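Asker: sequence and predicted structure are below.
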Amino acid sequence: MGRQEILSRLAQPNERRIVLLVLDGVGDLRTDAQPRTALDEARTPNLDRLAARSALGRLVPVGAGITPGSGPGHLALFGYEPTSPEVDIGRGVLEALGLGLELSPETVVARGNFATVDAAGLLTDRRAGRIPTAEGERLCARLARRIEAAVDALGDGIEIEVHPGEAYRFVLLFRAADGTPPLDPGLADTDPQRLGVAPLPVQAAGGAGESARGTADRIAPAVAALQAELRDEERANSFLLRGFSKLPVLPGVGDLYGLRAAALAGYPLYRGVAKVCGMEIVDCGKSFGDVLDRLEERWSDFDYFFLHVKGTDMAGEDGDLAAKAGVIESVDVLLPRLLDLGPDVLAITGDHSTPAPMKAHSWHPVPLLLRSENCFVDECARFTEIEAIRGAIGTIPASDLMGLLLANAGKLAKFGA
C-alpha cells in the first residue's frame, strides 16, 4: 500500500482550514560569489515573527540531485509521487488547462515559447525579450491565420489550434483528423535549453516507439511552416515547444482526502496543475494582494487553499538577487492579512529552488515553514535556508508535505490498532 493510499484511508474531514503558500523558486544558494540568499537579504519582520512560532525544515521536490520542472514540483507539494508514470503530466496539458481550454483525451498539447533567433537561425533569446501579452496575442492570431489559410498543407491528417497564454507563452493543440491514426505525445522538446544553437526539430523522444516517430513525421512539417511564418518578425521570429502531452486522469485531492480545495494562482500553468488535482480555480490577479483579495472573499467556501506567487522564480531566472528579495519583502508586508484570517495550518515553501547565480531551476532542497497549534516549535528565528537546515522537520520528500498538513489539521485518523 502506497503512502497516498494510506493517507486516503486515514482521512477524516473537518472544518479546519489549511493554507499552502508557494513562493515559486524561493530557494537559493550561498556561494563564494553570492554569500547571502534572497531570504537572507530580505527584510521580513512578519515572517521572522512567524518563524519563531513555527517548525522549519526542507523539502526535496523529486529526489536528490534531480532538478524538477514546475509541474512535478507542485504535484509533489499536493501529495502525488512526481516520478510515478501516472503523474507524468506534460507542461502542454498544464498550460492548456490553466487557460481554461477543454481537452479531449486524444488531443496532444505542447507549450510554446516565442523566441528570438539571429540571421543564422541560432537562438539569442529563449523568451523573445519577455514580450507583453498583447504582442503574444497578435503573434498567435498571425499563426492562426496561417493555419486557416493552408490547413491541408500544414500536416498529414492533423488539425491544429493555437491559443495565447501570458507574455511569450502559448499552446499548440494537435488532433488527428477523422480516419487517421491517433497521435502519440511521446515527442521531445524542441527547446535546447541554451543559446547559440538552433531550435531542435520535432522528433520522437528517446526510447519512444514507432507510434511517436510517426506522429513526429506528421507534426514536423506543420511546425516548420509555422516557424517560417514568423521569420520576418523583429523579436519573436521563432518559437520553442515543450511538454508534448495528453490529458491524464488522476484522483483529485477531494476524492483522496475529502478536502474542499481551491487554487488562487495568476498564471495558467499553476492553475492547470491544480485543476488536474481536482481543485476549484478561483480567478485572481497576479499580485499577492490580488490573491489575498479573492482569498478573503472565498474564505468560508473551502478548507484547503493553494496560493501561488510567481515573482520569486522570475527574479531568480533573471539572476537578480535584489529583485527576488524584493518580491519576498512584498509578500511579508501583506502576510498579516493572511494571518488575520486565522488558518489552522499554514505552510510556506517553494516548488523548487531557482538560485540567482544559476538563473534556472535547481535540485537544491527548498525551505519550509509550517505553523499550527500542534507543530513542534523549534528555535529558528528567521525563514531562511540556513535556519531551515536547523529546523525540527528536517529534510523530507516534498510529497510528504500533504501528510503533515492533514495531520496538523487533525484530518487524519490513527494508523493501526
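Answerer: Okay, I see it.
Asker: can we go C-alpha only for contacts and neighbour counts from here?
Answerer: Will do.
Asker: residue 312 is in contact with residue 22, correct?
Answerer: No - counting by C-alpha atoms under 8 Å, residue 22 stays clear of residue 312, with 9.9 Å between them.
Asker: settle it for me: which of the two has more neighbours?
Answerer: residue 312 (28 against 23; other C-alpha atoms under 10 Å).
Asker: ok, the most centrally placed residue in the chain - contacts?
Answerer: Nearest to the geometric centre of the chain sits residue 70, at 3.3 Å (C-alpha atoms, centre = their mean). By C-alpha atoms under 8 Å, 6 or more residues apart in numbering, residue 70 lies in contact with 351, 352.
Asker: from residue 23, how far out is it?
Answerer: In this view, residue 70 and residue 23 are 12 Å apart by C-alpha to C-alpha, to the nearest Å.
Asker: what is in contact with these two at once?
Answerer: With C-alpha under 8 Å, 6+ apart, residue 70 and residue 23 have common neighbours residue 351.
Asker: just the C-alpha atoms of the strand ranked longest in the chain, please, in CSV.
Answerer: Identified as the longest strand of the chain according to DSSP state E is strand 108-117. Coordinates of each C-alpha in strand 108-117 appear next as CSV, following Å, rounded to 0.1, in the frame of the first residue of the first chain:
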residue,chain,number,x,y,z
VAL,A,108,-1.7,16.3,-28.0
VAL,A,109,-0.8,19.6,-26.5
ALA,A,110,2.6,21.5,-26.4
ARG,A,111,3.5,24.6,-24.5
GLY,A,112,5.2,27.2,-26.7
ASN,A,113,7.6,30.0,-26.0
PHE,A,114,8.1,32.7,-28.6
ALA,A,115,11.8,33.1,-29.1
THR,A,116,14.4,35.1,-31.0
VAL,A,117,16.9,33.7,-33.5
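Asker: quick one: name whatever helix or strand follows it.
Answerer: strand 123-125 (DSSP states H and E).
Asker: against which helices or strands is that following strand packed?
Answerer: Here strand 123-125 touches strand 108-117, going by 3 or more C-alpha pairs under 8 Å, 6 or more residues apart in numbering; DSSP states H and E.
Asker: for the strand it packs on, give the mean pLDDT please.
Answerer: Across strand 108-117, pLDDT averages out at 98.
Asker: that strand pairs with which strands, and in what direction?
Answerer: strand 123-125 (antiparallel), strand 169-176 (antiparallel), strand 238-245 (antiparallel) (DSSP bridges).
Asker: ok, which of those comes nearest residue 307?
Answerer: Closest to residue 307 of those, according to C-alpha to C-alpha: strand 169-176, at 21.5 Å.
Asker: look up how far residue 401 lies from the residue nearest to the centre of the chain.
Answerer: Where residue 401 is concerned, residue 70 sits at a distance of 17 Å (C-alpha to C-alpha).
Asker: repeat for residue 40
Answerer: 24 Å.
Asker: more neighbours: which of the two?
Answerer: residue 401 (21 against 18).
Asker: per-residue pLDDT of that one, please?
Answerer: So residue 401 comes in at 99 (pLDDT).
Asker: chain neighbours aside, what residue packs nearest to it?
Answerer: What sits nearest to residue 401 in space, not counting adjacent residues and going by C-alpha to C-alpha, 6 or more residues apart in numbering, is residue 77, at 6.1 Å.
Asker: over to residue 217?
Answerer: residue 203 (7.5 Å).
Asker: show the contacting residues for that neighbour.
Answerer: 187, 188, 213, 216, 217, 220.
Asker: and those residues, which of them are in strands?
Answerer: Short answer: those have none in strands (DSSP E).
Asker: now for these, which pair is the farthest apart?
Answerer: 188 and 217 (12.6 Å).
Asker: list the residues that contact both of those two?
Answerer: Common neighbours of residue 188 and residue 217 (C-alpha under 8 Å, 6+ apart) are 202, 203.
Asker: and those two? which has more neighbours close in?
Answerer: Neighbour comparison, residue 188 and residue 217: the larger count goes to residue 188, with 20 against 16 (by other C-alpha under 10 Å).
Asker: hang on, the more buried one packs against residue 202?
Answerer: Yes - counting by C-alpha under 8 Å, residue 188 does reach residue 202; the two are 6.9 Å apart.
Asker: list the contacts of the helix or strand containing residue 225.
Answerer: Assigned by DSSP H and E, residue 225 falls within helix 210-229. Helix 210-229 is touched from outside by 143, 146, 153-158, 183-187, 201-205, 237-239, with contacts defined as C-alpha under 8 Å, 6+ apart.
Asker: for it, the distance to its chain's centre please.
Answerer: Here helix 210-229 shows a centroid-to-chain-centroid distance of 27 Å under the convention C-alpha atoms, centre = their mean, to the nearest Å.
Asker: in it, which residues are buried?
Answerer: Of all the residues in helix 210-229, those buried under the rule 16 or more other C-alpha atoms under 10 Å are 211-223, 225-227, 229.
Asker: again, but for stretch 295-314
Answerer: Applying 16+ other C-alpha under 10 Å to stretch 295-314 flags 295, 299, 302-314 as buried.
Asker: go through these and flag which are in helices.
Answerer: Cross-referencing the buried residues of stretch 295-314 against helices under DSSP state H gives 295, 311, 312, 313, 314.
Asker: so how far is residue 347 from the closest residue to the first one other than its chain neighbours?
Answerer: Nearest residue to residue 295, sequence neighbours excluded (C-alpha to C-alpha, 6+ apart): residue 264, at 7.6 Å. Residue 264 sits 15 Å away from residue 347, taking C-alpha to C-alpha as the criterion.
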